[in-house]
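Participant: model this:
(2 chains)
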Amino acid sequence: MIWLAPWALLSLGAVALPVILHLLGRGRAVRHRFPTLRFLQASQLLPTRRTRLHDIPLLLVRAAVIALAALATAQPLWSGADRRQAADAALARAVIVDTSSSMRRLTVGVGERGVDEAQRGARQLAAEAALSIVIPTAYPASAVAGASAWLRRTAGRGELVVVSDFQAGTVDSAALATVPAEAGVRFARIRVVSDSALGTQLSVSDRVVDVRAVHSAGGIDVSWMPEASAAMPSPVTIVDKVNQSGARVANAAAATVGVQLPFDSSRDIAVVFRSSERSAAPVHTPWMVEALAALRPDTTVVAAQDSVNGHQRLLLFPSSSPSSIESATLIAAAARELSAAPLRAELEPAFVPDTDLSRWERAPSAEVTSRSNGDPLTGASDARWVWIAVLLLLGVESRMRRATVAAQRTESVERDRAA
Amino acid sequence: MTSALSPAVVAAIDDLELAARLVVEGLRTGGHQSPFHGYSTEFRQHRPYRAGDDLKYLDWKLYARSDRLYTRQFRETTNLSVMLALDTSASMDFPSGAVSKFRYAQIAAAALAYLVSEQGHAVGLMTTTGDRLAYVPARGGRQHLRSLIGRIDRLVPMGQWDAAQVVARSAQLLQRRGVVVVLSDFYDSEDEMRRELRRAAQRGHDVAMLQLISPSELTLPFAGQVELEDMETGRRLLVDGDATATSYRLAVFEFLERCRSHALRDGLDYALLSTDVAPALALRDYLLRRSGGHSPARAPVAVAK
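Facilitator: I've put the predicted structure just below:
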């Protein structure tokens, strides 16, 4: 049973009213004509009060009339199995279609405009629902509140769908907070391509680095292009047990692979070529363990650590030649691990991440709640049946009341006759 | 044994004269003679005795002297006047739906009138209709009797009656010493009524109080909370029948006993006529006492709880 106006149930307290009036009132005493009242003393003429209830059936009928009227005012809705099934099938869907300028780009793969694909998808989504509304807007975040208000007024289950390329700012958690808790939320991303790249210049320490970001199907590709190739001291210590020329070659090779960035001097990594020394301890210092995981050296590289003048050093023993590509790559990777500046936090993403969208999505509630406005198909409550019962009981009460009055009159006449 | 007609049967007879006659027949069946005797002692003349003359009027002294029987004749052998004072107040119309006190009084008054008239005496009526006195002079004769009974039959109980005035006028309008018979429940003006009755007796009249009451007035036949309406004043009171019954019965008994004792003290005839007793039996009881002299009236019996 669901009550569409539960506040009206407070009027059930009125059931006590006929009982209270009956007990407090004097009641209608039967009147008799008597020759004289001179023999009745004044002290015996105090009005008496009925402390017992009589004609209980009539009192019960009156109480039932008041109780049913209160229940009918509360607008009951019987939630049977068939009604629940109909409510579940009757999904109300609000579809917000992003029509901003970015949606005019072509979609990836299909080649049509993103807004056209979005509107076609919105029509499909609307046709699948029992009740639907499509809201085309260039500002989807602002339209979420209106769509949520529409969902609150509809019966049954509700769902909000946003069709967009989800550039940063399309939707956020603040806008989605207005969506009713029992309504579902779904996002349909339209992937559009860009014919221009975004470029910027980034100043790192005393060097200027050109950073170029390119939109791609997998996200953003960033390439670092150093402005100058002046030699810089390598943050990675390179040791060649055979001769120092190998170290110089390795340093020069590493410089061509990656950008030299300011390094963290509290950390120390040494790449030792052509050494058979194995007396160093296994790697156990936390930053060294993390650096090794990031480096992911192949199995030919042996890692260890030792202490030099109280300073912990990560030792890498590659088996490759100092001038090889593998050695250059290892040295460059070690240098990046010692970098004091992060590589990928310079540019903010232009789109809402899929992770955020996944976190915000949810399925509509499976229960038909009291928020429903009556029968999901007709919108009406079952109060009319209760009112019919009230009318029937009023008829019964009227007949019982007349019968009681007639019985009292008959009793009075019979008493007079017996007297 | 006299088989008297029940009050309901007698009351059901529309013809009051017939009903009165039946009551009187019931009285005669018991072999009772009229207790009403003329009071006049004025001797008129002697005449020779004829068969059938009342032996009490034989002049025995003259017989002793003359050795012949002579009957004494008085001035008027029909010089007794009886005035019936009938209470027509609303309280007499109780109970409804059964033999009311008023109907019972009508029958008793008509029967007394019939009895008195048949004895050759004069009978009249004093009562009230509304606020006015209604008076029928005391006369004899059959035609007057029928007219009188008809007048009694047309009376309707209503409102209150001035009991003292009715008794006073009854006594005044009786030119000679007569009999004043008051048929009432004596609820109204108790002290004034008693005073006028005493005065009437002091004037030399023979005064009789025939007090009427119904069995339901002896008890309070109501249970629970009831509203009682005074039939004369219209005043209403809410009472608890169960709690009030005992004290009510005691008060009624004291009232009846007071009426009887005062009547006895003042030298009046008194009879309590209950509407559940056959009129013939009730009147016979009264007439027996009257025939036997001024014997004490029967005391009302306290009704058991």
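Participant: make it CA atoms for all contacts and neighbour counts henceforth
Facilitator: Noted.
Participant: where along chain A do the helices fall?
Facilitator: Along chain A, counting by DSSP state H, helices occupy A:16-24, A:56-73, A:81-89, A:114-128, A:140-153, A:173-176, A:245-255, A:286-295, A:325-337, A:354-360, A:383-418.
Participant: Which among the ones you listed is found nearest to B:Phe255?
Facilitator: helix A:383-418 (23.2 Å; Cα to Cα).
Participant: looking at the helices of chain A, which is buried most?
Facilitator: helix A:325-337 (a mean of 23; mean count of other Cα atoms under 10 Å in any protein chain shown).
Participant: elements contacting that one?
Facilitator: The contact analysis (3 or more Cα pairs under 8 Å, 6 or more residues apart in numbering or on different chains; DSSP states H and E) places helix A:325-337 against helix A:245-255, helix A:286-295.
Participant: after the longest helix anywhere in chain B comes which helix or strand?
Facilitator: If you go by DSSP H, chain B has its longest helix at helix B:241-265. Counting by DSSP states H and E, the next helix or strand C-terminal to helix B:241-265 is strand B:269-274.
Participant: what sits up against that next one?
Facilitator: B:206-215, B:260, B:263-264, B:282-283, B:285-286, B:290, B:294, B:297-298, B:300 (Cα atoms under 8 Å, 6 or more residues apart in numbering or on different chains).
Participant: Buried among these? Make that a PyMOL selection.
Facilitator: Selection of buried members from the contacts of strand B:269-274 for PyMOL, criterion 16 or more other Cα atoms under 10 Å in any protein chain shown:
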select buried, chain B and resi 206+207+208+209+210+211+212+213+214+215+260+263+264+282+283+285+286+290+297+300
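Participant: The contacts of strand B:269-274: which ones sit near chain A?
Facilitator: Filtering the contacts of strand B:269-274 for neighbours of chain A using Cα under 8 Å from any Cα of the partner chain leaves B:Pro215.
Participant: Inside strands: which ones of the contacts of strand B:269-274?
Facilitator: If you go by DSSP state E, those have B:206-213 in strands.
Participant: contacting residues for residue 105?
Facilitator: No chain in the question, so chain A it is. Residues in contact with A:Arg105, defined by Cα under 8 Å, 6+ apart, are A:113-114, A:192-194.
Participant: nope, chain B
Facilitator: If you count contacts by Cα under 8 Å, 6+ apart, then B:Ala105 has B:86, B:183-184, B:212 around it.
Participant: Tell me the helix or strand right after the lowest-mean-pLDDT helix or strand in chain B.
Facilitator: Least confident helix or strand, chain B: strand B:43-48 with a mean of 73, by mean pLDDT, DSSP states H and E. Next in sequence after strand B:43-48, counting helices and strands by DSSP H and E, comes helix B:60-66.
Participant: What is the following helix or strand past that following helix packed up against?
Facilitator: With elements assigned by DSSP H and E, the helix or strand that comes after helix B:60-66 is strand B:70-74. Using 3+ Cα pairs under 8 Å, 6+ apart, the elements in contact with strand B:70-74 are strand B:43-48.
Participant: how about 10 Å then?
Facilitator: strand B:43-48, helix B:60-66 (3 or more Cα pairs under 10 Å, 6 or more residues apart in numbering or on different chains; DSSP states H and E).
Participant: And those: which comes nearest B:Glu190?
Facilitator: That would be strand B:43-48 among these, by Cα to Cα, at 41.4 Å.
Participant: quick one: secondary structure of whichever residue of the stretch 51-200 of chain B sits closest to chain A?
Facilitator: Using Cα to the nearest Cα, the closest approach of the stretch 51-200 of chain B to chain A is made by B:Ser91 at 4.3 Å. Following DSSP: H, G, I helix; E, B strand; the rest coil, B:Ser91 is assigned to helix.
Participant: Measure how buried it is and give me the count.
Facilitator: 29 (other Cα atoms under 10 Å in any protein chain shown).
Participant: I'd like the helices and strands packed on strand B:70-74 laid out as CSV, including distance to A:Phe273 and mean neighbour count.
Facilitator: What follows is the helices and strands packed on strand B:70-74, written out as CSV (distance: least, Cα to Cα, whole Å; neighbours: other Cα atoms under 10 Å in any protein chain shown):
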stretch, distance to A:Phe273, mean neighbour count
strand B:43-48, 189, 12
helix B:60-66, 193, 12
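Participant: No further questions, thank you.
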